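K.L.:
Kindly generate the corresponding structure for this input.
(2 chains)
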Amino acid sequence: MEYSFRQIEKKWQEHWKKTNAYKVSNDSTKPKCYVLDMFPYPSGAGLHVGHPLGYIASDIYSRFRRLKGFNVLHPMGYDAFGLPAEQYAIEHGVHPAVSTEQNIATFRRQLDNIGFSFDWDREVRTSDPKYYKWTQWIFLQLFRSFFNRHTGKAEPISGLVATFEKEGNSSHICPGNPTLKFSAGEWSAFDKKRKEDILMDYRLTYCGFGEVNWCEALGTVLANDEVVNGVSERGGFPVVKKKLRQWYLRITEYADRLLEGLEKVEFSDSMKEMQTNWIGKSHGAEMDFKVKSEKGIVKNLRVYTTRPDTIFGVDFMVIAPELEIVEDLKSAEHGPAVDAYLEYVKSRSERERMAEKKISGVFTGAYALNPFSGREIPIWTSEYVLAGYGTGAIMAVPCGDERDHKFAEHFGIPITNIIGSHYNGSEANSTKDAILEHSDFLNGMPMRKAMDVVVDKIEADGTGKRKVNYKMRDAAFSRQRYWGEPIPVKWQDGVAEPLADGDLPLELPFVESYRPGPEGEGPLSNIPEWVARELETNTMPGYAGSSWYFLRYMDPHNETAFCDRKASDYWGQVDLYIGGTEHAVGHLLYSRMWTKVLFDLGHIGHDEPYRKLVNQGMIQGSSRFVYRITGTNTFVSKGLAQADETYEGQKLDKLHVDVNIVDGYELDITAFRAWRPDYNTAEFILEDDKYLCGSEVEKMSKSKFNTVNPDHIVDRYGADTFRMYEMFLGPVELSKPWDTKGIEGVHRFLKKMWRLFVDEQKGSIVTNDAPTPEELKVLHRAVRKIEEDTERFSFNTGVSSFMICVNELTDLKCHKKAILEQVLILITPYAPHISEELWQLVGNSGSILDAAFPVFEEKYVKESSKTYPVAINGKTRAEINIALDATQQQVEEIVLADVAIAKWLEGKSPKKVIYVKNKMINLVV
RNA sequence: ACCCGGGUGGUGGAACAGGUAGACACGCAGGACUUAAAAUCCUGUUCGCCGAAAAAGCGAGUACGGGUUCGAUUCCCGUCCCGGGUACCA
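P.N.:
Numbers count the residues shown, from 1 in each chain, chains lettered A, B, ... in the order given. Predicted coordinates for the structure are as follows:
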């Protein structure tokens, strides 16, 4: 009887399905545990070996908690709206709903292959109207709410209207228009449109205008990563900025709550740091500088600075090129240069601007006046200042800021040193600890103190004020696309009217063409009846559906609520959330905000969605390349190609080759010729009779031919081997390129475990003999280690521990049921199929899924002595076995009596003997 | 450019609170079983030096350069390289 994994795995997968083994109830006396994977986008390429890494980890943890007596919710679903399906539709004419359905079917079949414990009755799809009905409903909840800064939470906007009627907006600063002020009387006198416009500036989802990447040639708006070097990735057409009406999520109002919430959750420090930096809260001041310009139109220039103390070190000002006042500031002399520069900046994406190392900018010809000294400061414009942050204008202090310093050096702007010896003349120093010099009334004052002194002074004379600033901006919440949730709003006389809850879902209509409408509007604007109904033509972005899906899993079929309060109270927070760091500041912040809003409005009972977050690393692809002599069909082996990609003076084309027809680095020439018709007649120049490929680590993607389909691995080695191998590769948090070499070892291990139970000829060899102390020690060491490792998500060392355990039991020739049965329970989260099969084989009737996890007992593993490394000055020179309860004095005596140690001491006596119990001994000579 | 990770044998990785660097595997080399192969098992495997070999020993060694410490893969400072994110990919 050999280990026939194909048959075993099929058998148990069918059995689990038949018995509803993974069905989860909302009604249980057991403690709950909610384990969640980040939503996959069902891409057309299907599942590759990188996807399941996190799913296997969460599946192991789920099964482990179930064995520990928890009611475990472990669902799966699909983030099914998105750009790729729409792009595919444009190119192939297949409706996104159809291709998405197919992709999901593929994903599901592939997932089923791996033996996950998902409760598929709870599957959700964001593109299903039954689901997005509630995405739209939450959108309307946001629309009908504002953030009350006094209570610090979302409240119905109807309450705000009541306040306006009584007292105007004096107690509620308008977040969308901070200078807006009106009385109760004025409010009543406003017409409907005016009132609605004002309310829009308070709502948590609101309409405004924003810049998009507009590509005239493609007639569409492009995502940032579809723009490369200022042109479209597809076709290479010019891309410019265009202002369009957009919906936004007023997430900035939640900035402080999102920061505070981080203290209550278990995310890695780096994750918290990324979110904190993204929110970017800073304390500083807004300051007005009087302006001297030729045209004389601009009176003041307002800057935001976090360092008001450096006011006397300001040597120039920089304003963002897109600020309209640039037009009014430029002088006749500098006008042409400014215009040319603005033209250049227009073609630059924000990312390119930030990543640019080359310094660029132009002087506008205007000056700002230092409010204290009256000194004239030249005003420049440069792409390194972005319009969206602060006021879009900065006061540049070269001696204290690296970027400003480089700019000043590049353009030869004289640098004022206000920090004395802290500035070395060649590098900025951003210290806050210097004593100020060349700073008028601040001279001799420590910088930290000067900050307050300056702000007090400008607040007193009205030229500025303290200001808290956030780097985070409100999130754009509309897309000029088809394949997304329709926004449930009608436009009547320029006023956005929300649909009634009863009219939801607002279903996505069928379209003939996925082409965008005129002037970059979404494809929905091409549908006459949609436009006739005055419906919004933008759709929601990809992150809408994923901002709340974890709630829907709790109560997926509810038709009267997004999630019953009883269900969300029972399941509460996600106890373990596994996903990649690429979602650090997008999805994670949005879903945290939505959760807070739903909490504030009383729909759920917790305001942080995820209690603990574990980041899984990315499985990268290891690409392979062949080298073709340009213009021929002859391929040169890697080792023969020159470093500059030439061969005997001829140029070579470096081409991706399917990794599945390469063994290590050696190309399967027959398979290569069969791969594509144009390679049928390929010729090869070999080295050592082999064709060797080049390699590079890249993101796993279909276009790079480096994807590996888990189906192939499962077919060859089985799901249990695949699961354990993915874990064995290394820590889940780490990224690593996929490589199948090594999988044999894991497969061998499972066969070795199998042989503890079964002999090929004799069948079962399990006995009912009583275990020896040695066997119990092996078992309990494994229990302790595996429980610890699983608990702290160290699955790779967990797999090693199983190997050690099985190796030792094999050495002991242990075939005892009392031991082996316990090992099976330990391993069932990792390898559920084989353990279920052997569980049955040793004579159990029920499923191993609900067995009780073994309880570790110290008494079986207790040792009385330890072999200590004995070092002299930190170098290990001997090993001595000493009782664990030995005292310092006993240890010293034993060590000094040792021959090897005596040799090294050369008769000297040690200055000090360091003895760390159960660790080591070190002699200092 | 900025923010966050990572860098340990030929390879994946281990070392959990600063305490024997290289667990467990892969690969490779040698051997056993076999007509042969597969499967399985056994031995060795960081590098260098010493040595016919084995044993034993010595020295170096965790990207690089410094520092703290009796002791650093682990903590601190600086540098290089690779990956993720930077707001419309998901």
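K.L.:
When you work out contacts or count neighbours from here on, use the C-alpha atoms and nothing else.
P.N.:
Noted.
K.L.:
And for stretch A:443-459, what's in contact with it?
P.N.:
For stretch A:443-459, the surrounding residues in contact (Cα atoms under 8 Å, 6 or more residues apart in numbering) are A:285, A:287, A:307-310, A:432-437, A:442, A:464-466.
K.L.:
Out of those, which end up buried?
P.N.:
Using 16 or more other Cα atoms under 10 Å as the burial test, the contacts of stretch A:443-459 include A:285, A:287, A:307-310, A:432, A:434-437, A:442, A:464-466 as buried.
K.L.:
roughly how far out does the host helix or strand of residue A:826 sit from the chain middle?
P.N.:
Per DSSP states H and E: residue A:826 is located in helix A:817-827. Distance of helix A:817-827 from its chain centroid, counting by Cα atoms, centre = their mean, to the nearest Å, is 38 Å.
K.L.:
now check that helix, is it near RNA strand B?
P.N.:
No. Counting by Cα under 7 Å from any atom of the strand, RNA strand B is not contacted by helix A:817-827; separation bottoms out at 14.3 Å.
K.L.:
Which helix or strand lies directly C-terminal to that helix?
P.N.:
Next helix or strand after helix A:817-827 toward the C-terminus (DSSP H and E): helix A:832-841.
K.L.:
tell me what that following helix is packed against?
P.N.:
Packing partners of helix A:832-841 (3 or more Cα pairs under 8 Å, 6 or more residues apart in numbering; DSSP states H and E): helix A:5-18, helix A:719-728, helix A:817-827.
K.L.:
tell me the mean pLDDT for the longest one?
P.N.:
Same thing as helix A:5-18. Mean per-residue pLDDT for helix A:5-18: 96.
K.L.:
wait, does the very next helix or strand once past it contact RNA strand B?
P.N.:
Following helix A:5-18 in sequence order, the next helix or strand is strand A:32-37 (DSSP H and E). No. Using Cα under 7 Å from any atom of the strand, strand A:32-37 stays clear of RNA strand B, coming no nearer than 12.2 Å.
K.L.:
Please list the residues outside the helix or strand just after strand A:32-37 that contact it.
P.N.:
The helix or strand immediately downstream of strand A:32-37 is helix A:52-67, counting by DSSP H and E. Residues outside helix A:52-67 that contact it (Cα under 8 Å, 6+ apart) are A:33, A:35-37, A:72-74, A:116-117, A:576, A:578-579, A:616, A:619, A:723, A:726-727, A:732, A:790-791, A:793, A:795, A:828-830, A:849-853.
K.L.:
which among those residues end up buried?
P.N.:
So, by 16+ other Cα under 10 Å, the buried ones in the contacts of helix A:52-67 are A:33, A:35-37, A:72-74, A:116-117, A:576, A:578-579, A:616, A:619, A:723, A:726-727, A:732, A:790, A:793, A:795, A:828-830, A:849, A:851, A:853.
K.L.:
for the closest residue to residue A:245 other than its chain neighbours, phi and psi?
P.N.:
Closest residue in space to residue A:245, ignoring its immediate chain neighbours: residue A:209 at 4.4 Å, by Cα to Cα, 6 or more residues apart in numbering. With angles defined as degrees, to the nearest 10, residue A:209 sits at phi -120, psi 140.
K.L.:
what number of residues lie near residue A:209?
P.N.:
Residue A:209: 13 surrounding residues under other Cα atoms under 10 Å.
K.L.:
Quick check: it touching residue A:244?
P.N.:
Yes. Applying Cα atoms under 8 Å, one finds residue A:209 in contact with residue A:244, separated by 5.4 Å.
K.L.:
Which part of the stretch 751-900 of chain A gets nearest to RNA strand B, residue-wise?
P.N.:
Of all residues in the stretch 751-900 of chain A, the one sitting closest to RNA strand B is residue A:800 (3.7 Å; Cα to the nearest atom of the strand).
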